[in-house]
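*Asks:* coords please:
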Amino acid sequence: MKYDGENRVARIIPDCVTDGEGVRVSVYLAGCHFRCPGCFNASLWRFDAGEELTDELLNRIIYLLRPDYIKGLSILGGEPLQNQLVLKRLIHAVRLHFGSTKDIWIWTGYMKEYIEYDDQLKWILSAADVLVDGPFVKRLKADLAFRGSLNQRIHYLSKN
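*Replies:* Numbers count the residues shown, from 1 in each chain. Here you go, the predicted model:
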């Protein structure tokens, strides 16, 4: 599929307070075709960056999410929606272990309106709790909560 990616995680940050509301575990996925000029995570554009998402690595992420003070999982990149092999496994594992007690935030360069009409992407709108959409636009760079440029939007998708 065109959005599968290469099943790779580029970076994991436990106890993160900048990637969403509350204390979170942030997982950065490898690879991005958008390659926005001025991107903060340009080192993650390569789809072969980082390490493969093995069962052991997935279990480590679940373990990091266990403490009560961890509000949820943040999934960034690279481009998460171009890495659905990892994205689907992560979301499934979090829901299996925690139900809706841990929220899931996802950052994507795709606009929500595009996602709604793409049969391979629209599942994410019911799987995630919060979607931050839109590509980074260097000339619109701003100091905003959870976003890098003025065109990016925060969509609260669930009632959590």
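
*Asks:* buried set for the helix or strand in which residue 58 is found?
*Replies:* Using DSSP states H and E, residue 58 sits within helix 55-65. Buried positions in helix 55-65, judged by neighbour count with 16 or more other CB atoms under 10 Å: 57, 58, 61, 62, 64, 65. Where you see a C-beta, it was placed from the backbone N, CA and C, and this is true even at glycine.

*Asks:* residue contacts, the second one?
*Replies:* Think residue 58. Contacts for residue 58 (CB atoms under 8 Å, 6 or more residues apart in numbering) come out as 89, 90, 93.

*Asks:* Kindly report the same for the fifth one.
*Replies:* Residue 64 is in contact with 12, 14, 25, 70, counting by CB under 8 Å, 6+ apart.

*Asks:* hmm, which two among the buried residues of helix 55-65 are most spread apart?
*Replies:* 57 and 65 (13.2 Å; CB to CB).

*Asks:* For residue 156, the count of nearby residues, please.
*Replies:* 11 (other CB atoms under 10 Å).

*Asks:* now swap in residue 93 and tell me
*Replies:* Count around residue 93 with other CB under 10 Å applied: 18.

*Asks:* correct me, but it touches residue 61?
*Replies:* Yes. Judged on CB atoms under 8 Å, residue 93 makes contact with residue 61 at a distance of 7.5 Å.

*Asks:* now the angle between helix 55-65 and the biggest helix by length in the chain, please.
*Replies:* Longest helix of the chain, by residue count under DSSP state H: helix 84-98. Per axes from the mean of the first three to the mean of the last three CA atoms, to 10 degrees, the angle that helix 84-98 makes with helix 55-65 is 50 degrees.

*Asks:* still on that earlier bit, following the helix holding residue 58, which helix or strand comes up?
*Replies:* strand 70-77.

*Asks:* mind listing what's buried in stretch 126-135?
*Replies:* So, applying 16+ other CB under 10 Å, buried residues of stretch 126-135: 127, 128, 129, 130, 131, 132, 133, 134, 135.

*Asks:* Cheers, nothing more for now.
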